[in-house]
Each structure stands twice: as C-alpha cells, then as structure tokens.
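**Student:** sequence? don't have it. structure:
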C-alpha cells in the first residue's frame, strides 16, 4: 500500500533518467543540425575560428571520458594516496601541452598530428608511422568509451548493454558524421555543462551531509558534521587500518612506480591526438595558449572534486555495510547486487558482512564504478540527482568517443587518402571520404563495444603509454631541435612504440608466458602503466643517436621550424 | 636589430620562461606530491596531511596557475617583440 502511494507521488529514478537523458540527447542533435560542416576545413578543424572559451570547454569534455566521470573517483577510493597518479598525471599533461606543444602546432596550422609529423620530417614513411600510432591509440581508447555508454544505459535504464551501445553509436554517428569537428565542438560545449553539473551536484550534497561544508574540496579536509571533532580523513585512516587495509592517506605503490606512472600519464596526455587536434580549431597562437588554460581550469573542477567524492563514498560504504547483518542492508545494496557489481559471500555463515583486507576472510566484493554510480543512492539523495549521474556519464562517454572518431576519420581521409594514396582527390571527394571513414570507425568501435575482447579494458589505460612512447618525443624534438631529421624521428617512434607494445604484451596481457609474470620481474620495478616513461626516454635517446649519424634536414624544413617558433602570421589552417 | 636577431632573442626569453615554469611544475608534483610526501605529511593543513594534499589537490591548482602565468608572460613578450596580433 505505502509503496503504491510513493509511486504516485514520485516519478521514480527510471522516469527521471528517461527525461534527463532524452532532453540532453535532443540538445546534442539540435546542435548537430545547426552546425553541419560544409567543407573539409569545417569538418577537420571547425573552420579554425572557435573562440578560446568554447574551445576550452570542448577540450575539457573531449578529455574527460567515461573513465574520468564514472571510474576515477572509485579507483581513488580503493587506492587512497596512490590515486594521485591519475589526478596529477591527467592534469599535469596540460602544462606540457600549453608550454611545449599547443602554440607551435597551432602556428604550424594543419589538420592532424600525422600532418605535422609528415611535413616536419619531410617523409611519407614518418606520416605513415604517425597514422599507425594515431589509429592504435584512438581505437584502444574509443572501444572503452562505447562500452561505457552501454554500461550506463544498462544500469540506469535496464536495457541490454548491447542495445545501449547501439543507441550510443547512432547518436555519435549522427552528430560526428553530419557536423564533423564543427558539430563535435559545439556538442562538447553542451556536454561539458551537463557532465560537470551532474558530477558536482551529488558531491556538494554529500559534502554538506558529512561535513557541513558545501565545497567538497574543503569538505574532505574538514571535521565530521556529527560533532565528534574528528577530521574525516583521520577517521577514514582509522577505519582502513582497523580492517587491515593500508592507511588511506599513505598508499602502497613504490615511489619509483608512482613517479613513472604519473610521468607516463602526463606525457601521454600531451601526446594524445584527439586532444592536440583541438588546438588547431582556434584562430591565433595566443588563443591556443589561453584555451589550454581554460580547458585545464574546467577539468580541475572535476579532478579536485573526485578525490573528495572518493573519501566520502569510501567512508560511507564502510560505515553502512561493514560488520552489519546482511538481513538489514539498505535497498541500494540489494539493487546493485542484482547487477553483479556488489557480491556478498557469507564465508563464515554468521549472517554479518565482513569487509576486510585479508582475502581469505573478506566477504564483500565491490566494483569500483559503484562509488560514483551508486553514491547518490548510498547518501539518500533525491531521485533526479541519481538520474543526473546517468546523463552526466553519457555526456562524458559520448563527447570523448566523438573526438576520437574524428581523429580516426581524419587520419584515414586526410593523411592516408589525400596525402598518400590519392592526392588528386577533390575537396568534395575528401569530405565524402571523411564522412565514410567516420561511419566505418563508429561501426568498428561499436563492434568492440558489443564484443569487448578481454584485453580492451586492460589496454585502454595503456593508450597513454603508447602516446607517450610515440608522438610526444617526435613533436617536442620537431619544435625544439632544429637539427632533428627524419631518420632520427622515425627510428625513435618505431623503437618507442614497439618497446611499449612488447612490454605491455608481456607484463600486462601475459601472452608470451603461460602465466602473467610476477611484479618482481618488472624492469626497474616499473608497472606496464608506468612503462611509457621508459619507452619515451628510449625514443628520445634513439632519435638523437640516429640523428648524429645521418644528414641534416633540408633548408626549407629548418625554416619551417623557425617560423613555427614565432607566434604572429598564423593565417588559417590550410592543406 | 634584424628580423632574425629579433626572433632569436624572443625564442631565448620564451625558453627561459618555460624552464622556470616547468621547474615549478616538477617541484609541486614530483617533489611535494611524491618524493617529499612523507616528510611533508608531518605538517597538517586542517584535516589534510600536507604531502597528501599536494598530491591530490595542491599540485592541480598550481598547474592551472602556471598556464595562466605563461599566457600573461607570453602576451607581454609578443608585444615587446612585435609579434602580437
């Protein structure tokens, strides 16, 4: 009886989700229709006249993926201090981008990253190697995004994961194919607003609940609202050690590994083609610098909130379920149990949930994604807030997927077809080719979203290592070292990406051995996630050594380097 | 001063700015957030241990400030060398 009354009074989480997701999708589609691309220039770089603020917002949405929105706070809440590698790694890269890459690539003024590599190193081979690296990095990354779309759909709307992936594919297809970079840019601006609102609202609610402080960034360093006078972090450190975990604020990774992972993520961020290409869309060099700053500011709003959410969620979860009788667990616990994201096995048959570090005695397994997805329910927030999280997660996944698909389609239609296979192709023909490659890319990404090979999840995190090992050194040397020639750059990229791939296959996927080799066999104690740092250093060394034995680059290339160092006289991006 | 000398002088000042800013970038993240974390953790900032705070909050704020400082410095430098547009 009471249940039916409640149903009448409230819309229910599902209906709220349909409404909010429906509104946001309608918004993205209208923007796409309004901003269709009519030329290759509009398709690849949005016409080159995007304002720095719009570009900053678009870059932030492009950058923050399903992983940032759904998984990151959860990863941090289980990793404690170690989670800092993602926080610093995925933000610090923007300093490198702003100071070392964005202004010069904008001045260079082409459409894609392989464009820069191909022209600067006056070589089709260099361009081909760059196309290969761009496709490898972008495909590993985009498969994860499509999967993310499917997961959000299935968890919130109770449709099949595959149906979710297909709905996501259709939406992305519509606005990426129609609008190209122009459509993507303005939908990403809208998606940034949706995702940041969706992330901040529950965080602020919970921060007030737990500490009385409405600013989550300050809240997690405050005293608890219960009047006990204990600091929240001290309490969590206490709870963690009580259950046998490491102290939350201490972490358990080795110093060298934390160092290497952070550096690999920073450098990888600066080398990701879908991020770099965003800086081709602004008018002037000074706009490129400024939009990097705005992008980072907007990203940091979410990234400084995530560790607070991590602490709130972890404390809340331990307090709600640890040592409580299973019979009296709250409703959200049962609901997420049915999705398999929470599992409880009563090992000692006492009917009480033992959540401890010791694997033999631990009875509770919690998927880390729960920390964001179920957080509003755990904290008893209103239904519309729970639905908002779904809309935000979708915005994050779709915006990143679209950006990646554009890189893939531009690599094929511009770098492969126009620059290598068929230079005589007309502007119109190239635009058709670009749209067709985008369709092809969406289909392949969707295929991987529906049939995820077991290794996709493992490999997504390594896309950064691949970018760090390939593009970053080639671009930096191309700008800052006039003497660098094609022989050095090609050898560096090939050695860097091959070493990274081999290390990944051996120590992350374990394909070379019967079993995955133990941590003790890692080179210098560095995990596959951090190995991008070593592969990058190797790339630099090989490039410079090979360069010293091979001829100087031609005069006109040396002049290109001199021109890109001067900010004025940009003109528009051209072929 | 010829065009070439002008460009060279501009580049030299730019590199100096970049090196100084990257030094700060390195010190807050790899220094305060990673290598000297344990020592800094003895100091408390409200409920935060200082090393932990740098790793999960402070370094990110500094990153944002660094980029905007660079934007300002470079806009001035562009004007000084006549590259502003």
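**Tutor:** Yes, it's here. Because the structure is a prediction, the values reported are computed rather than measured.
**Student:** How about the residues of the stretch 101-250 of chain A by chain B?
**Tutor:** Listed as neighbours of chain B in the stretch 101-250 of chain A under the rule C-beta under 8 Å from any C-beta of the partner chain: A:103, A:217-218, A:220-223, A:231-234, A:249. All C-beta spots, glycine's among them, are computed from the backbone N, C-alpha and C.
**Student:** and which of the residues you listed is nearest residue A:274?
**Tutor:** Out of those, the one with the shortest distance to residue A:274 is residue A:103. That distance is 18.6 Å, counting by C-beta to C-beta.
**Student:** Tell me if I'm right that residue A:202 and residue A:381 touch.
**Tutor:** Yes: with contact defined as C-beta atoms under 8 Å, residue A:202 and residue A:381 form a contacting pair (5.8 Å).
**Student:** picking up where we left off before, okay, and which of the residues of the stretch 101-250 of chain A next to chain B map to helices?
**Tutor:** Using DSSP state H, the members of those that fall within helices are A:103, A:217-218, A:232-234.
**Student:** Most neighbours among the residues you listed, which one?
**Tutor:** residue A:103 (27 neighbours; other C-beta atoms under 10 Å in any protein chain shown).
**Student:** my guess is that one contacts residue A:284, does it?
**Tutor:** No: when contacts are counted by C-beta under 8 Å, residue A:103 is not listed as touching residue A:284 (9.6 Å).
**Student:** what do these two both touch?
**Tutor:** Listed as contacting both residue A:103 and residue A:284 by C-beta atoms under 8 Å, 6 or more residues apart in numbering or on different chains are residue A:567.
**Student:** In chain A, which residue is most central in space?
**Tutor:** residue A:65 (4.0 Å; C-alpha atoms, centre = their mean).
**Student:** Got phi/psi on that one?
**Tutor:** phi -100, psi -170 (degrees, to the nearest 10).
**Student:** How about residue B:44?
**Tutor:** Its backbone dihedrals place residue B:44 at phi -110, psi 140, with angles given as degrees, to the nearest 10.
**Student:** Spatially, what comes nearest to it if we skip its sequence neighbours?
**Tutor:** Taking C-beta to C-beta, 6 or more residues apart in numbering or on different chains, and ignoring the residues beside it in sequence, residue B:44 has residue B:50 as its nearest neighbour in space, at 6.8 Å.
**Student:** list the contacts for residue 29?
**Tutor:** Defaulting to chain A. For residue A:29, the contact set (C-beta under 8 Å, 6+ apart) comprises A:171, A:174-175.
**Student:** Correction: the question concerned chain B.
**Tutor:** With contact set as C-beta under 8 Å, 6+ apart, residue B:29 has these partners: A:88, A:92, A:262, B:54-55, B:59, B:63.
**Student:** Then residue A:107?
**Tutor:** When the contact criterion is C-beta under 8 Å, 6+ apart, the partners of residue A:107 are A:285, A:563-567, A:570.
**Student:** May I see the residues you listed organised as JSON lines, with secondary structure, pLDDT and distance to residue A:336 added?
**Tutor:** Below are those laid out as JSON lines (DSSP: H, G, I helix; E, B strand; the rest coil; pLDDT from 0 to 100; distance: C-beta to C-beta, whole Å):
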{"residue": "A:285", "secondary structure": "helix", "pLDDT": "92", "distance to residue A:336": "49"}
{"residue": "A:563", "secondary structure": "helix", "pLDDT": "90", "distance to residue A:336": "57"}
{"residue": "A:564", "secondary structure": "helix", "pLDDT": "91", "distance to residue A:336": "52"}
{"residue": "A:565", "secondary structure": "coil", "pLDDT": "92", "distance to residue A:336": "55"}
{"residue": "A:566", "secondary structure": "coil", "pLDDT": "91", "distance to residue A:336": "57"}
{"residue": "A:567", "secondary structure": "coil", "pLDDT": "89", "distance to residue A:336": "53"}
{"residue": "A:570", "secondary structure": "coil", "pLDDT": "75", "distance to residue A:336": "52"}
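**Student:** could you pull out the strands for chain B?
**Tutor:** B:44-45, B:48-49 (DSSP state E).
**Student:** Poorly predicted segments of the chain, please.
**Tutor:** If you meant another chain, say so; for now it's chain A. Counting by pLDDT under 70, chain A shows low-confidence ranges at A:1-10, A:453-461, A:571-575.
**Student:** My question was about chain B, not that one.
**Tutor:** Applying pLDDT under 70 to the predicted model, the residue ranges of chain B that meet it are B:1.
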